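Asker: Provide a 3D model corresponding to the input given below.
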Amino acid sequence: MFLQKVYGNYTGLPKQAKYLVYASMMPAVAYGLIFTDISYFLTTVQNVPANFTGVVISAMGISTFVASILLGIVSDIYGRKKLLILGNVLASLILVIFALTTNSLILLAAAVFEGISEAAIFTSSSALLAEKAMNEKRTSVFSLYGFAQSMAFSLGSFAVPVVGAFELFGFSEKEGHIILYILIAILGLVSTAIMLKVSESRTLKKPRANMMDLFPRKSKDVLIKYTLTSAILAFGAGMVVPLMTLWFSLQYGISDKISAPILAVSSVLIAVAILAAPPLAKRLGLVKAMVITQAVSTIFMFLTPLSSNYALAGLIYSIRALLMNMASPLSQSMIMGLVAEDERGAASGISGALWRLPNALSTWIGAWFMGIGLLAEPFFVAGLFYIVSIMLFWVYFRKVKMPEETFH
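Answerer: Numbering: from 1, shown residues only. Next up, the predicted model:
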């Protein structure tokens with residue numbers, strides 16, 4: 001009965017929305033590989049200092065912050081399809097750069113363009129998804145999108161053990177990583193063909209002489225509250241989430257060939273849980289569903305570093321990730337439903353930017369903690385930021401009722 005309810009939420013989705021879901025998958029595979037493996041690959045395989053690896057990861061987030069605001073505004077004026085394609089091409093090329101160099105300047109440049117890639121895909125995809133889906137199907141579309149993203153992200157993580165297969169054919173660990181990165185980059189470039197099937201937006205702003213007029217004025221009040229709570233949550237997450245393969249290596253002495261599949265399983269569980277998000281939101285209300293799942297997730301954030309072995313740590317971390325990310329499509333659907341239609345690109349860009357900046361800044365802090373041997377502290381500090389964010393979110397949005405919650 002429950003499965004029938006879940007399945008019913010995904011019938012009759014618009015074709016254009018489905019194209020966007022398919023088109024998003026290869027960039028997510030690339031990001032899955034980068035965010036799962038880059039901390040281990042640069043530090044352990046390429047012998048880049050851990051602190052500089054943290055700087056590289058932080059640079060990605062800072063670049064995303066700057067680019068998201070600019071590209072969000074640009075997408076409302078000139079269209080979102082072009083940005084989607086640009087982001088995919090950049091995501092593919094950056095994998096090749098990360099694989100082939102240890103030059104600090106080139107790595108930082110690659111990190112900047114990775115941030116631009118993230119910004120281009122996130123701002124364009126969120127706005128296009130909201131445009132293609134009607135109110136009553138918007139949460140379902142964003143949940144299906146989240147499912148596809150998590151599954152694709154997990155494929156990027158699951159791909160890491162393929163390095164071991166290359167080693168059986170005589171390649172070194174470093175050469176195996178390079179081959180893997182380049183193969184996924186090629187597949188990413190090929191996937192651009194799917195993006196060409198998505199039609200361009202027709203509800204675009206006209207260029208204005210005054211740049212301030214391009215910011216989402218009609219939606220500023222709700223956007224300020226949303227981005228504040230999101231930024232606090234992001235700062236906490238950044239201290240541990242991008243560094244988990246490094247943390248597993250330092251805490252338990254295991255390589256990315258073991259930790260990456262653990263994180264991949266986590267992404268699969270997230271994907272399955274996301275499918276249950278729309279019926280949960282219908283039953284509890286969208287805001288209450290978000291608060292409950294995030295609050296329970298925080299408990300598991302505190303428990304992860306207390307685990308006696310890597311298997312238990314992986315299980316607890318996966319439960320944390322499942323619950324926290326189950327709320328992600330609900331959050332995206334909520335903000336796209338509350339802002340004005342012609343401000344969705346800018347709103348998406350700003351909300352994405354104010355997620356990535358604090359997330360990136362705290363990654364450097366988390367890497368510093370781990371570099372000096374404080375392996376539990378990042379999790380505890382992250383949990384405290386989670387608590388503050390969840391409490392503020394409830395205060396701001398507990399009385400909000402979404403348009404689709406009136407449909408039966």
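
Asker: residue 129: what's it in contact with?
Answerer: 17, 20, 138, 141-142, 145, 336 (C-beta atoms under 8 Å, 6 or more residues apart in numbering). From N, CA and C alone the C-beta is placed, and that goes for glycine too.

Asker: can we see that at 10 Å?
Answerer: 14, 16-17, 20-21, 24, 80, 138, 141-142, 144-145, 329, 332-333, 336, 344, 348 (C-beta atoms under 10 Å, 6 or more residues apart in numbering).

Asker: which ones among those are found in helices?
Answerer: Among those, the ones falling in helices (DSSP state H) are 16-17, 20-21, 138, 141-142, 144-145, 329, 332-333, 336, 344, 348.

Asker: please list only the buried members of the contacts of residue 129.
Answerer: Taking 16 or more other C-beta atoms under 10 Å as the criterion, what is buried in these is 17, 20-21, 24, 80, 138, 141-142, 144-145, 329, 332-333, 336, 344, 348.

Asker: just these now: which is nearest residue 388?
Answerer: Residue 388 lies nearest to residue 332 out of those, by C-beta to C-beta, at 21.3 Å.

Asker: buried ones in stretch 349-369, by neighbour count?
Answerer: 349-367, 369.

Asker: residue 309 contacts residue 253, correct?
Answerer: No - under the criterion of C-beta atoms under 10 Å, residue 309 is not in contact with residue 253, lying 11.2 Å apart.

Asker: among the ones in helices among the contacts of residue 129, name the least confidently predicted one.
Answerer: Minimum pLDDT across the ones in helices among the contacts of residue 129 is recorded for residue 344, with 70.

Asker: next one: it from residue 351, what distance?
Answerer: Per C-beta to C-beta, to the nearest Å, residue 344 is found 10 Å from residue 351.

Asker: what touches both of the two?
Answerer: Joint contacts of residue 344 and residue 351 (C-beta under 10 Å, 6+ apart) are 72, 123, 126, 216, 335-336.

Asker: residue 364 and residue 39 touch, don't they?
Answerer: No - look at residue 364 against residue 39 with C-beta under 10 Å: they stay out of range, at 11.8 Å.

Asker: mind listing the shared neighbours of these two?
Answerer: 53-54, 56-57.

Asker: follow-up on the earlier one: who wins on neighbours among the shared contacts of residue 344 and residue 351?
Answerer: Most neighbours among the shared contacts of residue 344 and residue 351, by other C-beta atoms under 10 Å: residue 123, with 35 neighbours.

Asker: which helix or strand contains that one?
Answerer: According to DSSP states H and E, residue 123 maps onto helix 104-132.

Asker: what mean pLDDT does that helix have?
Answerer: On average, helix 104-132 scores 86.

Asker: what's the following helix or strand after the strand or helix carrying residue 353?
Answerer: In the assignment (DSSP H and E), residue 353 maps to helix 344-371. The helix or strand immediately downstream of helix 344-371 is helix 377-397, counting by DSSP H and E.

Asker: how big is the angle separating that following helix from helix 344-371?
Answerer: 150 degrees (axes from the mean of the first three to the mean of the last three C-alpha atoms, to 10 degrees).

Asker: go ahead and confirm residue 96 touches residue 180.
Answerer: No - judged on C-beta under 10 Å, residue 96 makes no contact with residue 180 at a distance of 11.3 Å.

Asker: surely residue 320 meets residue 300?
Answerer: Yes - if you go by C-beta under 10 Å, residue 320 and residue 300 touch, sitting 3.6 Å apart.

Asker: shared neighbours of the two, anything?
Answerer: Contacts common to residue 320 and residue 300, judged by C-beta under 10 Å, 6+ apart, are 379, 383.

Asker: for the two, work out which one has more neighbours and name it.
Answerer: residue 320 (26 against 20).

Asker: now the more buried one: which helix or strand?
Answerer: Going by DSSP H and E, residue 320 is in helix 310-326.

Asker: now stretch 283-298: how far from the chain's centre is it?
Answerer: Here the centre of stretch 283-298 is set off from its chain's centre by 19 Å, with C-alpha atoms, centre = their mean, to the nearest Å.

Asker: ok, and for that stretch, which residues are buried?
Answerer: So stretch 283-298, judged by 16+ other C-beta under 10 Å, has buried residues 285-287, 289-295, 297-298.

Asker: then stretch 368-383?
Answerer: Buried residues in stretch 368-383 (16+ other C-beta under 10 Å): 369-371, 377-379, 381-383.

Asker: ok, of those residues, which one's closest to residue 237?
Answerer: residue 382 (6.5 Å).

Asker: isn't the closest one right up against residue 247?
Answerer: No - counting by C-beta under 10 Å, residue 382 stays clear of residue 247, with 11.8 Å between them.

Asker: okay, and the common contacts of the two?
Answerer: With C-beta under 10 Å, 6+ apart, residue 382 and residue 247 have common neighbours 240-241, 304, 366.

Asker: neighbour-wise, which of the residues you listed leads?
Answerer: Neighbour max across the shared contacts of residue 382 and residue 247 (other C-beta under 10 Å) = residue 366, 29 neighbours.

Asker: please state the offset of stretch 233-252 from the chain centre?
Answerer: 15 Å.

Asker: first to last residue in it, what's the distance?
Answerer: 27 Å (C-alpha to C-alpha, to the nearest Å).
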